[in-house]
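Visitor: Provided below for reference: sequence and predicted model.
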Amino acid sequence: MKYTNEIKVGVALVLSALIFYVGIRYFKDLPLFQGTNAFSTNFANANGLVSGNVVRIHGVNVGAVDEVRLAPGSSRAEVSFHVDRGVVIPHGSTTSIGGFGALGVIRIDINLGPADGPAHQPGDVIPSYEEDSLDDLLERAPALVGRADSLLIGATATLDAARTLIAHPESDLRQTLVAIQGSAQAINSLLRSEQARIARVLEGVDTLTGSLNTLARDSLGVTVENLNALLDRVDQNMAALMGTTATLNTILGKIDRGEGTLGLLINDASLYHQLDTTLANLNRILLDFERDPKRYLKDLKLIDVF
């Protein structure tokens, strides 16, 4: 019987410790049967963030805040938090404070970076991204309202001054408006009186435009015909030139091959030298005949010569 009471006390202590452990993890938003990874971040303004506030990713609770404190030697708030062990936070992710501080509903939102980036390891400091919160706007609201009041007062004064200028018959603005109105009426009267003339002018412009279009079309047709004829003549001349070129190529080919008299003269060096010698001898005989024609004519009878 004595041992039974001791066993009951021991079981009660174990159950109490288990309930205490489960209760602590539950109230700290820790998973009951799954480990967590601890991280930290920092903010210029914690906006009332306290231990136990949730940590969300895309609106899903993945962890909770463990501690909020001032960073040593800094005016920033350092926040320690944990997330479920299965949650991967890649590099490039940032943290921000969400919710409404005035209502006491504050949380940490994790904005995930590129999925293909390396994952943060437990204990890493995740950078924060801070923008104006509702509390900041509420703090700045009185100054904004005062500035808006000043702008409204200035606008009201401007409108009152404009109304006064318009209502006063001797003001420059009133006279300017009256002058503009008179000019508009004069222009309107002129357009009405000259409406028929303007219509005739527009009809003349329309007729002139049609005549110019017809003239341009006819001139363009004649120009195209002349250009076609010129192109035909160019084609004919090109064909004749090609025929002449072919004939010239044939002649040059024969000359290059040594065919014909010119080909022999160009390609046969001995014939050239003989012709050159013959011409030299003929030239010498002509010079000798020119110096002493009697030498060649003394044995010839006059009738034989003529």
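Guide: Okay, I see it. Being a predicted model, the structure only gives us computed values, none of them experimental.
Visitor: C-alpha only now, for contacts and for neighbours.
Guide: OK.
Visitor: where do the helices of the protein begin and end?
Guide: Applying DSSP state H to the chain gives helices spanning 2-27, 134-167, 172-193, 195-257, 260-267, 269-291, 294-297, 302-305.
Visitor: how about the ones you listed in JSON lines, adding mean pLDDT and distance to residue 75?
Guide: Shown next, in JSON lines, are these (pLDDT from 0 to 100; distance: least, C-alpha to C-alpha, whole Å):
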{"stretch": "helix 2-27", "mean pLDDT": "66", "distance to residue 75": "30"}
{"stretch": "helix 134-167", "mean pLDDT": "70", "distance to residue 75": "17"}
{"stretch": "helix 172-193", "mean pLDDT": "78", "distance to residue 75": "59"}
{"stretch": "helix 195-257", "mean pLDDT": "82", "distance to residue 75": "80"}
{"stretch": "helix 260-267", "mean pLDDT": "69", "distance to residue 75": "107"}
{"stretch": "helix 269-291", "mean pLDDT": "78", "distance to residue 75": "111"}
{"stretch": "helix 294-297", "mean pLDDT": "70", "distance to residue 75": "139"}
{"stretch": "helix 302-305", "mean pLDDT": "49", "distance to residue 75": "141"}
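Visitor: would you mind finding the most buried of those?
Guide: Highest mean neighbour count among these (mean count of other C-alpha atoms under 10 Å): helix 260-267, with a mean of 15.
Visitor: for residue 106, which non-adjacent residue is spatially closest?
Guide: Spatial nearest neighbour of residue 106, excluding adjacent residues (C-alpha to C-alpha, 6 or more residues apart in numbering): residue 99 at 4.6 Å.
Visitor: how confident was the prediction at the one you found?
Guide: Per-residue pLDDT puts residue 99 at 78.
Visitor: so what's the residue count around it?
Guide: 16 (other C-alpha atoms under 10 Å).
Visitor: same question, residue 93
Guide: Counted with other C-alpha under 10 Å, the neighbours of residue 93 add up to 19.
Visitor: so which of the helices of the chain gets nearest residue 49?
Guide: Among the helices of the chain, the nearest to residue 49 by C-alpha to C-alpha is helix 134-167 (12.9 Å).
Visitor: export the helices of the chain to CSV and tack on distance to residue 83?
Guide: Converted to CSV, the helices of the chain look like this (distance: least, C-alpha to C-alpha, whole Å):
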stretch, distance to residue 83
helix 2-27, 13
helix 134-167, 26
helix 172-193, 71
helix 195-257, 81
helix 260-267, 104
helix 269-291, 108
helix 294-297, 139
helix 302-305, 141
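Visitor: list the contacts of the residue nearest to residue 106.
Guide: Residue 99 makes contact with 105, 106, 107, according to C-alpha atoms under 8 Å, 6 or more residues apart in numbering.
Visitor: number of nearby residues for the second one?
Guide: This points to residue 106. The tally of other residues near residue 106 (other C-alpha under 10 Å) stands at 20.
Visitor: pretty sure residue 120 is touching residue 87, no?
Guide: No. Between residue 120 and residue 87 there is no contact under C-alpha atoms under 8 Å: 10.4 Å.
Visitor: may I have the phi/psi pair for the residue most central in space within the chain?
Guide: Against the mean C-alpha coordinate of the chain, by C-alpha atoms, centre = their mean, the closest residue is residue 114 at 25.5 Å. The phi/psi pair for residue 114 (degrees, to the nearest 10) reads phi -60, psi 130.
Visitor: I'd assumed residue 92 was in contact with it.
Guide: Yes. Using C-alpha under 8 Å, residue 114 makes contact with residue 92 at a distance of 6.6 Å.
Visitor: what's around residue 115, how many residues?
Guide: 13.
Visitor: ugh, typo on my part, it should be residue 77
Guide: With neighbours defined by other C-alpha under 10 Å, the count for residue 77 comes to 18.
Visitor: quick one: contacts for it?
Guide: Taking C-alpha under 8 Å, 6+ apart as the test, what residue 77 contacts is 42, 43, 44, 45, 46, 68, 69, 70, 71.
Visitor: again with residue 121
Guide: Listed by C-alpha under 8 Å, 6+ apart, the contact set of residue 121 is empty.
Visitor: not counting sequence-adjacent ones, nearest residue to residue 39?
Guide: residue 123 (4.7 Å).
Visitor: measure the one you found to residue 152 for me?
Guide: Per C-alpha to C-alpha, to the nearest Å, residue 123 is found 54 Å from residue 152.
Visitor: and residue 208, by the same measure?
Guide: For residue 208 relative to residue 152 (C-alpha to C-alpha), the value is 59 Å.
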